[in-house]
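Undergrad: turn this into a model:
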Amino acid sequence: MVLAVSTQIWYFGAAGLVSLAAFVGLILVPAVSSYGRWHERFAAGFLSLLIFGGLITIGVIAGLAWVLISNGIAPLNPFTGG
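TA: Modelled structure (predicted):
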């Protein structure tokens, strides 16, 4: 069985992979490799992943706000009074 996937899904998937690779290559690897002891490396990696989670959360909230405001979903939109 072949599932039809829209082009937009492929674009979102590619953007997610590029973002993840950029985070790992530009933030996580330098943060972890800048320390010598294992517990310092672990702490740097944990804090980097914590920041990444915060950025993901901010992006999801901003995206949901944009959808609720811009698509005219009156019953679900808390900003329209409906």
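
Undergrad: on the pLDDT front, check residue 15 for me.
TA: Taken from the predicted model, the pLDDT recorded for residue 15 is 92.

Undergrad: can you give me the neighbour number for it?
TA: Taking other Cβ atoms under 10 Å as the neighbour definition, residue 15 ends up with a count of 10. Just so you know, the C-beta spots here come from the backbone N, C-alpha and C atoms, and that holds for glycine as well.

Undergrad: would you mark the buried spots in whatever helix or strand it lives in?
TA: Element membership for residue 15, per DSSP states H and E: helix 7-23. By 16 or more other Cβ atoms under 10 Å, the buried positions in helix 7-23 come out as residue 23.

Undergrad: and that helix, how far out from the chain middle?
TA: Remark: helix 7-23 is offset 10 Å from the chain centroid, using Cα atoms, centre = their mean, to the nearest Å.

Undergrad: contact partners of that helix?
TA: Residues external to helix 7-23 that are found in contact with it (Cβ atoms under 8 Å, 6 or more residues apart in numbering): residue 52.

Undergrad: next helix or strand past that helix?
TA: Toward the C-terminus from helix 7-23 - assigned by DSSP H and E - lies helix 29-33.

Undergrad: need the CA coordinates for that next one. PDB is fine.
TA: The C-alpha atoms that make up helix 29-33 are tabulated as PDB, following Å, rounded to 0.1, in the frame of the first residue of the first chain:
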ATOM      1  CA  VAL A  29      28.900  19.500  19.700                       C
ATOM      2  CA  PRO A  30      30.800  22.600  20.600                       C
ATOM      3  CA  ALA A  31      29.200  22.800  24.000                       C
ATOM      4  CA  VAL A  32      30.000  19.200  24.900                       C
ATOM      5  CA  SER A  33      33.500  19.200  23.400                       C
END
